[in-house]
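Enquirer: Need a 3D model of the sequence below.
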Amino acid sequence: MNTKHLKNYAPKARRQFIQAVENRLAWLGIYPNTVAEVSFQGDSALIEGRVFSRKQAEQRNRLIDRIASRGATGGFAMFAREMAYTWFNRLAAIRFMELKGYLEHGYRVLSSKDGSAGLPEILDYAADVADLLALDKKQMIELQLAGNQQEKLYRELLLGQCHYLHAIMPFMFEALDDATELLLPDNLTKTDSILKGLVEEIPEADWQNIEVIGWLYQFYISEHKDAVIGKVVKSEDIPAATQLFTPNWIVKYLVQNSVGRQWLQTYPDSAIKAQMEYYIGPGEQPAEVISQLQAHTPASIEPESIKVLDPACGSGHILVEVYELLREIYLERGYRLRDIPQLILTKNIFGLDIDDRAAQLSGFALMMKAREDDRRIFDRIKNDQLQLNIFALQQTDTLDINRLWQALNLEGKQQRGSSGDLFGGLDDALPQVAEPTQHGLYHQYFTLLQYLKAAFAQAKTLGSLVQIEHSKLEALQNLQALLQEKQQGTDPAAKQAAEVLMPIVQQALVLAQQYDAVIANPPYMGSKGMNADLKDFAKDKYPDSKSDLFAIFIERGFGLNKDFGYNAMVTMQSWMFLSSYESLRLKILQQSSIECMAHMGNGVMGIAFGTAATVCKKGGSPLTIGAYCYVENDDIGDDDKPKQFPPLNERNLNAAKQAKAHT
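Expert: Residues are numbered from 1 along each chain as shown. Below is the predicted model:
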């Protein structure tokens with residue numbers, strides 16, 4: 001797609017949204033280095049002469065606590081950036097949905113009926129949408145009739161839309177009364193509204209492909225990326241320093257030659273082959289390779305059994321392409337189209353990222369692909385029939401496992417109180433248990449939680465490099481079931497503890513599983529840019545690939561693979577020839593097969609250095625004859641993909657001649 005408009009708009013939007021959030025914080029009496037006092041008069045709160053409700057004052061306190069949790073130095077700026085991006089994501093999501101016709105009421109929320117940035121269409125239908133959005137219909141009518149309350153009316157409608165979408169996408173739209181609603185920017189119905197650029201500067205045609213979300217993400221963080229690149233990067237800046245959107249043709253190459261290759265090995269006559277324009281067949285192979293293929297290629301594959309992970313999923317570009325290929329696989333096996341999205345999202349696709357906002361976008365992109373194929377997918381989510389396996393990794397360094405454990409009360413021995421008692425007066429450690437009694441059975445979960453706390457203590461720095469032993473998979477599944485019971489129970493303290501622990505168990509489950517394909521454009525960061533914690537971890541856990549994050553992720557990918565699973569990644573080219581990666585090269589050549597590689601020259605991926613999209617098979621024969629091609633800038637057309645594939649450039653022709661002469 002043409003990204004010109006997105007590239008011009010997104011960096012400017014970032015500055016505008018950050019300023020708008022800072023203005024709202026100032027309106028609440030919250031400043032970079034000070035917080036204004038609040039006084040109460042009945043049900044009202046006074047802040048610097050401005051009157052607020054007691055509820056708003058309570059929400060404000062939550063915002064102050066969240067800023068403080070970011071640290072004394074730079075916490076305000078970091079929080080303002082996060083909230084700006086949160087609201088940008090939400091509004092971009094609503095814009096995509098209104099143009100695709102995915103909003104249930106059918107009205108435009110951000111733009112006028114004719115598509116301009118005039119008054120949003122939904123303002124004329126406030127009373128009609130009130131029941132759906134759980135708004136006070138009488139109040140909506142009164143505000144509508146007042147004639148001078150458009151701003152207040154629109155704010156209520158927009159927040160109502162966000163609350164409604166929470167039931168469908170809680171990862172992006174928080175629950176009712178969430179404190180972040182105080183930071184929704186002002187003047188949304190005015191001519192200088194922050195919505196104007198989102199509506200007018202990006203043509204409606206650009207919103208028709210979900211790829212727009214990934215490009216917006218890439219350009220939105222571009223200025224932050226420029227500010228931190230080349231420096232020792234703090235944990236909170238790693239996403240901006242390392243994120244890089246992957247051109248669509250490269251994504252297709254990786255997916256088709258991993259997930260597609262697995263399918264075609266079992267079903268070589270599949271009609272899906274004709275749809276995979278970047279698939280490279282295996283060609284003639286030595287007898288040993290053919291023998292191994294015959295021994296380890298299954299006679300049949302159930303589509304529901306295929307598991308694919310992107311361990312650095314960003315905005316979900318790779319997972320969307322995986323979804324599209326899996327849909328064709330399901331259809332070929334005779335599944336009904338409307339049943340397929342739920343199966344793919346719950347059984348096949350997994351994604352992790354250290355950036356909460358990126359994971360939100362990844363989940364949103366997959367939901368929109370599912371909505372294309374199943375008009376009732378949102379209802380399935382609201383009825384608890386579907387939960388995405390896309391997670392932003394969360395840290396555990398501040399968790400008190402002893403207290404959370406006692407609050408869970410799995411053994412039924414604690415006296416119950418309110419959820420406010422969760423972290424009060426729970427100083428006793430668990431007693432030692434020698435016998436494998438029922439108490440001992442539960443004690444294994446206490447030990448497991450301690451293990452998870454240690455493993456994820458630096459999750460925002462290490463991301464998917466955190467290693468969770470595969471042997472713990474069954475225990476994690478059982479613990480997840482116990483937490484689900486507590487979430488649905490009546491004990492408020494146990495419910496709160498389960499909600500705190502569930503994300504930790506879910507991300508551990510993703511890392512404890514093994515996958516048919518691990519596909520990624522992993523982060524690129526040399527050791528000079530790594531902070532001390534990351535550098536020490538790399539030296540200790542990944543001595544053969546410690547020089548750059550991308551190389552560490554290559555090695556990590558094999559650890560997440562099933563035997564004979566595919567590790568498909570686009571990375572810097574340097575691992576192929578620098579002496580610092582010699583041990584990594586030997587490991588790859590001795591323990592896997594390189595099935596194919598597209599080696600790309602400087603600038604092909606929009607960056608200054610050369611890259612390589614490589615597909616390896618874990619445990620594949622080292623004698624495998626891989627398929628290689630070189631892609632130069634001149635091979636890329638105006639649509640940002642190769643004019644033909646594989647390219648017929650001089651380098652490939654010379655390589656072909658040499659191969660023929662050698663034969």
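
Enquirer: burial of residue 508, as a residue count?
Expert: 27 (other Cβ atoms under 10 Å). Using the backbone N, CA and C atoms, a C-beta is placed for each residue, glycine as well.

Enquirer: Find the nearest non-adjacent residue to it, please.
Expert: The shortest distance from residue 508 to any non-neighbouring residue, by Cβ to Cβ, 6 or more residues apart in numbering, is to residue 468 (5.0 Å).

Enquirer: In terms of helices and strands, where is the one you found?
Expert: Counting by DSSP states H and E, no helix or strand carries residue 468.

Enquirer: longest helix anywhere in this structure?
Expert: Criterion DSSP state H: the longest helix present in the chain is helix 75-100.

Enquirer: Could you list the buried residues of it?
Expert: Across helix 75-100, burial judged by 16 or more other Cβ atoms under 10 Å covers 76, 78-99.

Enquirer: Stretch 598-618 now?
Expert: In stretch 598-618, counting by 16+ other Cβ under 10 Å, buried: 598-601, 604-605, 610-618.

Enquirer: and if you look at stretch 339-357?
Expert: For stretch 339-357, burial by neighbour count (16+ other Cβ under 10 Å) applies to 340-345, 347-357.

Enquirer: Mark which of those residues are part of helices, please.
Expert: Among those, the members found in helices (DSSP H) are 340, 341, 342, 343, 356, 357.

Enquirer: List the residues that contact the fifth one.
Expert: With contact taken as Cβ atoms under 8 Å, 6 or more residues apart in numbering, residue 356 is in contact with 82, 392.

Enquirer: Can you check what pLDDT the model gives it?
Expert: What the model reports as pLDDT for residue 356 is 89.

Enquirer: Next: the second one.
Expert: Residue 341 is assigned a predicted lDDT (pLDDT) of 96.

Enquirer: list the contacts for it?
Expert: Residue 341 touches 327, 369, 370, 371, 373, 374, 377, counting by Cβ under 8 Å, 6+ apart.

Enquirer: which of those residues lies closest to residue 111?
Expert: Closest approach between the contacts of residue 341 and residue 111, by Cβ to Cβ: residue 371, at 20.0 Å.

Enquirer: So which bits of the longest strand belonging to the chain are buried?
Expert: When the chain is parsed with DSSP state E, its longest strand is strand 561-572. Going by neighbour count (16+ other Cβ under 10 Å), the buried part of strand 561-572 is 561, 564, 565, 566, 567, 568, 569, 570, 571, 572.

Enquirer: ok, that strand: who's next to it in the sheet?
Expert: Using DSSP bridges, strand 561-572 pairs in its sheet with strand 515-520 (parallel), strand 611-618 (antiparallel).

Enquirer: and the helix or strand following that strand, what other elements does it pack with?
Expert: Next along the chain after strand 561-572, taking DSSP H and E as the criterion, comes helix 582-591. If you count contacts as 3 or more Cβ pairs under 8 Å, 6 or more residues apart in numbering; DSSP states H and E, helix 582-591 packs onto helix 549-560.

Enquirer: Provide the contact partners of the helix it packs on at residue level.
Expert: 242, 309, 311-312, 464-465, 467, 511, 513-515, 518, 520, 522-525, 530, 538, 542, 544-546, 567, 569, 571-572, 575, 581, 584, 587-588, 591-592, 616, 618.

Enquirer: middle-most residue in the chain, spatially?
Expert: residue 359 (2.1 Å; Cα atoms, centre = their mean).

Enquirer: pLDDT value on residue 431, please?
Expert: 41.

Enquirer: And for residue 387, the neighbour number?
Expert: Residue 387 has 11 neighbouring residues, counting by other Cβ under 10 Å.

Enquirer: Okay, helices next: where are they in the stretch 401-550 of the chain?
Expert: Counting by DSSP state H, counting those that start in this stretch, one finds helices in the stretch 401-550 of the chain at the ranges 401-408, 438-455, 459-462, 473-487, 492-512, 532-541, 549-560.

Enquirer: looking at the ones you listed, which has the lowest confidence?
Expert: It's helix 438-455: among those, that one has the lowest mean pLDDT, namely a mean of 85.

Enquirer: packing partners for that one?
Expert: Helix 438-455 sits against helix 401-408, helix 473-487, helix 492-512, with contacts defined as 3+ Cβ pairs under 8 Å, 6+ apart.

Enquirer: which SS class is residue 598?
Expert: Of the three states, residue 598 takes strand under DSSP: H, G, I helix; E, B strand; the rest coil.

Enquirer: where's it relative to residue 566, distance?
Expert: 15 Å (Cβ to Cβ, to the nearest Å).

Enquirer: With residue 192 instead?
Expert: Distance, residue 192 to residue 566, by Cβ to Cβ: 51 Å.

Enquirer: again with residue 4
Expert: 35 Å.

Enquirer: and what of residue 49?
Expert: 63 Å.

Enquirer: before we move on, what about residue 283?
Expert: In terms of Cβ to Cβ, residue 283 sits 17 Å off from residue 566.

Enquirer: Correct me if wrong: residue 352 contacts residue 513.
Expert: No. Using Cβ atoms under 8 Å, residue 352 is not in contact with residue 513; the gap is 11.3 Å.
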